[in-house]
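[1] Here is a sequence together with a model predicted from it:
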Amino acid sequence: MPTLLAAAEGTPSREVFLNFGNGSVLTFYLLTLFATLVFLSGFLFRIRKYARGRSRPIRWRQLERALVQIATQRTVAKRDRAVGLAHFFVFWGFLVLLGATTIIAIDEDVIGVFLDRPDLQFWRGTFYQVYSLVVDVFSIGFIVGLLYLWRRRIRRPDRLDYRRVDRNPDDYDRTGYTVDDRAFLWALLFLAASGFLLEGFRIAATDFPPFEVYSVAGWAIGRAVSFLGTEGAETARVITWWAHSGAAFLLIAFIPYSKAMHIVVDVVNLMVTDPDSARALPAPAPAALGDDPLSFFTWKELLDFDACTKCGRCHEVCPARASGAPLSPRDLILDLRELADSNAGIDLWYGAGAEPRGNGKVAGGFIAADTLWACTTCMACIEACPVGIEHVSTIVQLRRQLVEVGDVEPGLQNAFQSLSRGGNSFGKSAKQRARWTKDLEQEIKDARSEPVEYLWFLGDHASFDPRAMSVTVSVARLLQGAGVDFGILYEAEVNSGNDVRRAGEEGLFEMLRDQNLEALAGVSYQTIVTTDPHSLNTLRHEYDLDRPVLHYTELLGSLVADGALRPGGLEGIATYHDPCYLGRYQEEYEAPRRLIRATGLELHEMGRCRENSFCCGAGGGRIWMDDSGLDERPSENRIREAVALGDDVRFFVVACPKDMVMYTDAVKTTGNEGKIEVVDVAQLLERALEGVAVG
Amino acid sequence: MTDVFVVGEHLQDAVTEVTFELIGMARELAAASGGQVIAGLVGSGVTGLAATLGGADRILVVDDAALELFNPEAHAAVFASLLSGTGASVALVPYTSTGMEISSHLSESANRPLVSFCTSVKIEGGLGATCRLYAGKIEADVEIAGDGAIFAVLSGSSPAAAGRSGGGAVVEQTANPIDPSALGTSPVGLILPEGGDVDITAQDVLVVVGRGIASADNIQEAQALADALGGAVAASRPIIDQGWLPKSRQVGKSGLTVKPKVYLSLGVSGAPEHLEGMKDAETIIAVNSDPQAPIFGVAHYGWVGDLFDLLPELVDRLDGS
Amino acid sequence: MNSVVLLRPVPDPVEELELNGDGTDLDRDYLGYVLNEFDDHALEEALLVKEESGGSVTVLGLGSADEMEQMLYTALAKGADRAIKLGDDVGHLSVRAQADVFAAALANLSYDLILTGVQAADELDGQLGMRVAAKLGLPHVSVAVGVVAGEGSVRVTKEFWAGITAQYDLRMPAVLGVQAARQAPRYVAVSLIRQAQQSGNLSEEDIEVPADPGEVKIVAVRMAESGSGAEMITGDEAAAAERIVEIIRSAGKG
């Protein structure tokens, strides 16, 4: 056994099991073995759970992006820089400390003990000094980050409030969730703090070997405890050594059964997540699987459920949650995790577990139908989620289960029936689809009988809703005025099916898509242009077309850029609402903004804009459903946000027919008529061409 | 000379309005051909009611305790027996819940053609009728081959006053020709509607929604308008069948007959069954996007357009007052 | 209890009707057809009875609409056990002829209850259910709004008007003309309709189309007069609202 002094006199390094008897060393190895086994078995249970899920291909293209996201912690910093920075420190601190421990394990346990080749051990000399400095610096960052996050648990933002939106507080208990959070945070803090103390006691006990000055924090602590003398410091060191190791063993064993599993699960989840999961929805699960919760979900969905850290960002941005609907994406995912774990035989000490409810199925049973119907599929949750959870496709999958058993929201049922009858949700005859054209001076080409460059796919609202039809007329006049060669399908167009698919009626979607494809097959065209961003999404991502699909703002933008349209002369201030299906779905933020600026208007942004835009509440089939039970409609919330920008904002500019409908209503119901005008980009452009003075 | 037989209808100790309308119509037909109007009245304790049928020349009464509650099978058989006894070749039957059970049976048992949804009937120059088909959207003139027919006539087709007097009004008692207990249909009892909800028959102003309201959700907007007007919301049958409003709010044949001061319909197309329940309202204002909607036929004022555009405009103007 | 539901297509009420060249019928060439909505309620009621009391539901479809098969597959997907399409492209039949065809098809089936819609928009010559009952000599109730199956009999609620109803016990077999099922007709996913197409539960049966006796002949059709009595308000919604408020006020209300 080397003596204290021997260690202090030698080359820079230290003894791991300094002054330990064989019994102590053996105890340490047994504990290591035990903790490792608990850790591995915990993850084995989880891996076995994932293996019971349905197959789904992995898109490895995502890997590079994921590695950058993980290294920079970009997804964590996205909405909250302070938290992002704190988590960045914790993440890298943890990684460096893990690396540090691994280095010791290799040097001491593998090379020193297992191979018995002390001559090859490298944890000494300059390497040891650099190691000491790096570890200490990162550990300081680690502790600072943890302390910031701990402070946030005290002054808790709304998104960390675990109260459910869909149940009475007496009907559930989530104290376990809070205990889980605290246990993890305190375990890490204790580990870091005890590590520093250990270092300080050791340096004091070895009488301050000069090379240890690189352990900057340890050296300072050593100085602070030097009053203990070498003997006293040595006693404190041994106690702290065991406390530190004990905490480490506990943490290792605790990881797969707690929030700490995100350390492993989320890295994997970010690597395998599909950024297009909501844009191009997956095929439905085979109907027969509906009764077995685990095989109903894909392995990725099961991984998603484990990936959730309860950070509440989805909960915060969800328009359904904000409007008082019984849906919180966070609670949905946490419920599904409890369901999956219960079915996989994994004991969830911190959660209630799954109780059979309702029809006994996942959808309409364990997850209430109202919760599933509340989703607008706006993708805000996916955008906000730092760990790559694909909420929307999971919700759609569950809605499909509801549709399959005929458990369909009444308004939606009405729409489905109208759609399967006449191809539109308005219950109108297909022959009336092109009725809006009667207000035009110039006829529109029938693309079914003559070739066109642009095929204009209007969508239902643009064709049938009187509020949106006036915008449609404006778009037609602009295209005609710019000399664009375009045509429409007249009564051969049917609803694109984007919202039908998201409402869970896959068969009806296929029927509508096939009808449109059949109509398109007979048309000679180069490019499709759509008025409706929802149609744009499905035409681009789910129709498998071989030609480009544009939004009308994109086409109008190029007409302005080419000089075919020369708008200008408008004065005043406008704000622009990014439609979910144009913004988050198609990542088209600039085209409409460029058009607004081209009219001469000044653009003031709302706080929630671009990828953070707030949904109008119409998506995913919600426009057909009853919204009378909501506390505040999302569209009303949004109009209030726009009005709060100030009195000088005159125009609320939209680029989606559904927005026109939703916000025209919301301006009236919030009593803001006369204060702010809902206007489509195309209408503004038309005014800017007429040179009508505004403002 | 053609005698005209009328199937008399009564409910809750009163002859129904449509019976008088049919007797009035029969008077005209019989007068033109020099025939008689023969009315049938079947039930228990109906002898007293027979006296009210002053427009008929002969009133055949089958008054039997066994016929207390309307029994589709029994009543149809009794009327078939009465009709064949009179030798009348033309029969008018109300197109109502009870008349429906009888008309087809008469047609089958007497092997006479039957015409439904009639608004007028003619005898001279060959039997014929005018009918409203396709929920009242189409009017058809039909001709009958042969000299006899059963006509199922929509209520409201002819003034009731003409059926209250002017006939010989001879009441003839006839024994019940059938044994109801031998039939496959046994009446259990009558169920009267429960009160509790708004009584739409007692309202001065009704905002009535139809299929055009599109979803249950939109009924709120109509409610807001009704509130502003101090009235109530009522509906046509499709809305009730969807379960969007309770049965007590239904206007029309299978619902309630209403006579408010102001009847404002939104998206109601006006099927004959609906018109039957509201045509006597004092002021009828109809809004529908289909210029051909039959509701405009009975309305005093009409506007063709989108009800969702109009609703907020109306509420705005009324809220301010 | 075994039920048979009689289904007929009718022109889609959302379509604007047009007349044929000689003005004696609708222009049926481009007309879209849907299941008669009362027949849909009859089917729903039959399915509810099956769910409550067991047995089977057979649907019979008669009509020349292209959509007929789709309607039968939809019925199968909703829970009917068997569907029979009667004839092919039989043309527009009178109700009396329809009743003959259905009665002949029913002769090959065993049933306790026959249900159909109380009426259809194009029933010029009487109600189908009533005629079928008369031909088969069965008890019948029309305007039925609820059915409870018992032993050998069925308790039916018939609606008169103004919410007044009466109940009848009918010896089975019996025929019902359904006004409204106890719940709105259920929704069935398109994928299930597709599955029903694969099920092989739809069969076709040749029928003998009875010669039209020509006893009720349409000589002329026209669009029903509309707006005859009404003063039509012109202008946009703002103008209309203005005028309507004025009318209501002059009626002493609002």
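    Thanks, I have it. Note that the coordinates shown come from a computational prediction; the quantities given were computed from them, not determined experimentally.

[2] ends of stretch A:399-410, how far apart?
    14 Å (Cα to Cα, to the nearest Å).

[3] Need the contact partners of it.
    For stretch A:399-410, contacts defined as Cβ atoms under 8 Å, 6 or more residues apart in numbering or on different chains pick out A:284-285, A:287, A:290, A:296, A:359, A:361-364, A:369, A:372-373, A:375, A:416, A:502-506, A:624-626, B:215-216, B:242-244, C:78, C:184, C:186-189, C:191-192. Placement of C-beta: from N, CA and C, glycine included.

[4] What about those, which are in helices?
    A:Phe296, A:Ala369, A:Leu372, A:Trp373, A:Phe416, A:Arg502, A:Glu506, C:Lys78, C:Ser191, C:Leu192 (DSSP state H).

[5] How is B:Val62 assigned, secondary-structure-wise?
    Secondary structure, DSSP: H, G, I helix; E, B strand; the rest coil: B:Val62 is strand.

[6] which residues touch it?
    When contacts are counted by Cβ under 8 Å, 6+ apart, B:Val62 is found next to B:Gly40, B:Leu41, B:Val42, B:Gly43, B:Val46, B:Val78, B:Leu82, B:Gln173, B:Thr174, B:Ala175, B:Asn176, B:Pro177.

[7] Reformat those as a markdown table; add distance to B:His274 and pLDDT.
    As requested, those are exported to a markdown table (distance: Cβ to Cβ, whole Å; pLDDT from 0 to 100):
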| residue | distance to B:His274 | pLDDT |
| --- | --- | --- |
| B:Gly40 | 28 | 96 |
| B:Leu41 | 28 | 96 |
| B:Val42 | 28 | 96 |
| B:Gly43 | 28 | 95 |
| B:Val46 | 30 | 93 |
| B:Val78 | 31 | 96 |
| B:Leu82 | 32 | 96 |
| B:Gln173 | 39 | 95 |
| B:Thr174 | 37 | 93 |
| B:Ala175 | 40 | 94 |
| B:Asn176 | 36 | 93 |
| B:Pro177 | 37 | 92 |
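
[8] if we can go back for a sec, show the overlap between the ones in helices among the contacts of stretch A:399-410 and what lies near chain B.
    When Cβ under 8 Å from any Cβ of the partner chain is applied, no member of those is adjacent to chain B.

[9] didn't A:Tyr501 look like it was pressed against A:Thr538?
    If you look again at residue A:501, you'll see it is Arg, not Tyr. Yes. The pair A:Arg501 / A:Thr538 is scored as a contact, 6.8 Å apart, by Cβ atoms under 8 Å.

[10] The chain: strands as residue ranges?
    As the question left the chain open, I've gone with chain A. A:445-446, A:454-457, A:486-488, A:527-530, A:549-551, A:573-576, A:602-603, A:649-654, A:677-680 (DSSP state E).

[11] Sorry, I should have been clearer: chain C.
    So, for chain C - with DSSP E - the strands run C:2-7, C:9-11, C:33-35, C:56-62, C:82-86, C:113-117, C:140-149, C:153-159, C:165-171, C:174-178, C:202-205, C:216-223, C:231-233.

[12] and the last one, which strands flank it?
    Spelled out, that is strand C:231-233. Strand C:231-233 pairs in its sheet with strand B:301-304 (parallel), by DSSP bridges.

[13] Output the partner strand as PDB, restricted to C-alpha atoms.
    Extracted C-alpha coordinates of strand B:301-304, given in PDB (Å, rounded to 0.1, in the frame of the first residue of the first chain):
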ATOM      1  CA  TYR B 301     -90.200  38.600 -47.200                       C
ATOM      2  CA  GLY B 302     -87.200  36.700 -48.500                       C
ATOM      3  CA  TRP B 303     -83.500  37.300 -48.900                       C
ATOM      4  CA  VAL B 304     -81.200  35.000 -50.900                       C
END
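
[14] Thank you kindly, that will do.
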